[in-house]
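K.L.:
Sequence and computational prediction follow.
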Amino acid sequence: MLKTKYDRMKPYEKKKLIALYKKTGAGKEMMMRLLRLNIIGSALILYALFVFVSDIKDLKWTNYAISVPLICIGVFFIFTSYRLRKKVLNQFAIKNK
């Protein structure tokens, strides 16, 4: 996979870019949406673990049928959130040289 402009930035440049992006109106809203995706993904994973652990003595196929997809969806939400964040920040870095 090719490295983007955001990938090639130094850590202090990334922090500076994120701070500039958060000052824009679209940046505030996008960061809130990405944070919401992270929270939803984490909540799904925690709920799936709760369902799995709550009936650990007598596990049934329904526990697996509920837990495994919820964990997959939660991981997908978190992974997608980070990919979208990287994509949006890369576009912002290219636009605002």
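P.N.:
Here it is on my side, so go on.
K.L.:
Confidence-wise, which helix or strand of the chain is lowest on average?
P.N.:
Lowest on mean pLDDT, DSSP states H and E among the helices and strands of the chain sits helix 5-8, with a mean of 86.
K.L.:
Counting neighbours, show which residues of that helix come out buried.
P.N.:
Buried residues in helix 5-8, counting neighbours by 16 or more other Cβ atoms under 10 Å, are found at Tyr6. In this view, the C-beta of every residue, glycine as well, is placed from N, C-alpha and C.
K.L.:
Can you spell out which helices and strands pack onto that helix?
P.N.:
Helix 5-8 makes packing contacts with helix 61-95 when contacts are defined by 3 or more Cβ pairs under 8 Å, 6 or more residues apart in numbering; DSSP states H and E.
K.L.:
Against Arg85, how distant is Lys22?
P.N.:
According to Cβ to Cβ, to the nearest Å, Lys22 stands 12 Å off from Arg85.
K.L.:
related to what we said a few turns ago, which outside residues touch the least confident helix or strand of the chain?
P.N.:
Helix 5-8 is contacted by residues 14, 17, 86, 89-90, 93-94 when judged by Cβ atoms under 8 Å, 6 or more residues apart in numbering.
K.L.:
Which is the succeeding secondary structure element to that helix?
P.N.:
Toward the C-terminal end, the helix or strand that comes next after helix 5-8 (DSSP states H and E) is helix 11-23.
K.L.:
and whichever helix or strand comes after that following helix, how far out from the chain's middle?
P.N.:
Sequence-wise, the next helix or strand downstream of helix 11-23 (DSSP H and E) is helix 25-54. Its chain's C-alpha centre and that of helix 25-54 lie 8 Å apart, by Cα atoms, centre = their mean, to the nearest Å.
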